[in-house]
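In: A structural model of the following input is requested.
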Amino acid sequence: MAQRLKILMFLFVCFIFAIKTIQAQDIKATVIVDYSTLPSAVKDKLVNFQTQVSDYLNRNKFHSKVIEPEYTVEVTFQFFFRSSPSTDNYDVSLFVQSTRKIGDATIKQTNPVQPPPLFQFLDERVSFAYNNSLRFEKNDSRFDALLSLLDYYAYMVLGYDEDTYFVKGGTALYQKALDICNKPMSDKKGWTESGGGSKPTRLQIVQELLSVRFDGYRKGLFEYEWMGIDSMSINKRAGFKNVLSALERIDQVRKSEIKSYNIDIFYDAKNKEIANLFIDYGDRAIYDKIIKFDPSHRSVYEDSQRKAR
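Out: Residues are numbered from 1 along each chain as shown. You can find the predicted model right below:
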């Protein structure tokens with residue numbers, strides 16, 4: 001009887017631990033790996049990569065607060081292995097895309113529509129060493145080209161998500177991403193040095209978000225999501241008004257700056273959502289205004305303008 005009681009107690013403790021582990025999950029990461037361009041001998045060394053990266057992202061805690069399961073941020077990490085310049089070293093392109101649940105997070109239970117993107121970025125300057133002996137253990141005190149990269153983007157997508165629920169709510173998470181960029185590292189390409197190309201470094205993206213010059217952008221992101229998109233189901237007209245106000249606020253930041261990397265990120269993620277949103281606005285001329293805000297996606301808006309009622 002005593003032995004049976006011990007077994008039941010052990011199972012109960014395991015159950016409670018499992019629940020706490022699930023509750024502690026900040027992100028729900030899907031990891032996709034493409035190494036089709038690599039030689040077969042190199043591919044064989046990467047057979048465990050997807051599983052190890054997925055386990056690392058889904059197992060570790062990145063946020064200081066407990067996130068309820070229905071608010072877990074869904075994010076996709078797509079790794080495109082381009083080459084292996086030396087043994088166990090890889091040059092990679094990484095596409096990161098997170099989504100944000102609209103309004104009440106429980107809406108997905110009755111509405112299976114995929115939530116629209118919130119943060120998305122193609123990072124084409126990724127280099128790291130990897131082999132099967134790499135220990136996937138989170139350690140904020142040291143820099144590892146692969147693990148620190150995963151940490152950086154985990155903090156970024158969580159920071160973006162927090163900014164949509166509270167004005168500048170993601171600041172502490174962006175600071176953690178900045179701390180990674182400032183760690184000593186042997187290869188700074190993609191981190192603090194561009195290495196050529198027009199894409200921003202990881203440092204430039206997060207520095208911009210922490211600069212007071214871009215407070216208007218972050219307030220605009222909050223206004224767009226929380227006061228605009230989330231209010232559509234309650235008061236559609238007010239939702240439209242707040243979305244337009246947010247876009248105008250973001251446009252003011254763009255006009256005051258020579259370049260804004262995060263505004264580019266915003267419109268790369270949001271252009272289709274914005275285009276579809278205003279089909280039912282009641283005034284097709286609104287698209288002319290939106291095109292002025294975001295001329296780089298003109299064709300997307302013009303296509304919706306033709307469908308508008």
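In: Surely Phe293 touches Asp251?
Out: Yes - judged on Cβ atoms under 8 Å, Phe293 makes contact with Asp251 at a distance of 4.9 Å. Placement of C-beta: from N, CA and C, glycine included.
In: What mean pLDDT does the helix or strand containing Ala41 get?
Out: Under the criterion of DSSP states H and E, Ala41 resides in helix 40-43. Here helix 40-43 scores 95 as its mean pLDDT.
In: following the helix or strand containing Asp264, which helix or strand comes up?
Out: If you go by DSSP H and E, Asp264 is part of helix 261-277. Of the helices and strands lying after helix 261-277 in sequence (DSSP H and E), the nearest is helix 286-293.
In: helices or strands next to that next one in the packing?
Out: Contact analysis of helix 286-293 by 3 or more Cβ pairs under 8 Å, 6 or more residues apart in numbering; DSSP states H and E lists helix 236-256, helix 261-277, helix 298-307 as its packing neighbours.
In: how far does it sit from the chain's center?
Out: 26 Å (Cα atoms, centre = their mean, to the nearest Å).
In: contacts for the helix holding Ala41?
Out: Outside helix 40-43, the residues that touch it by Cβ atoms under 8 Å, 6 or more residues apart in numbering are 35, 84.
In: same deal with stretch 201-216?
Out: By Cβ under 8 Å, 6+ apart, the residues outside stretch 201-216 that reach it are 121, 123, 125, 152, 156, 159, 168, 170-171, 174-175, 177-178, 180-182, 190-194, 200, 217-218, 249-250, 252-253, 256-257, 260-262, 265.
In: Likewise for stretch 153-164?
Out: With contact meaning Cβ under 8 Å, 6+ apart, stretch 153-164 is reached by 26-27, 57, 60, 62-63, 73, 75, 77, 94, 96, 98, 100, 118-119, 169-171, 173-174, 176-177, 180, 205-206, 209, 218, 221-222, 224-226.
In: count of residues packed around Met185?
Out: By the criterion of other Cβ atoms under 10 Å, Met185 has 15 neighbours.
In: Much appreciated, bye for now.
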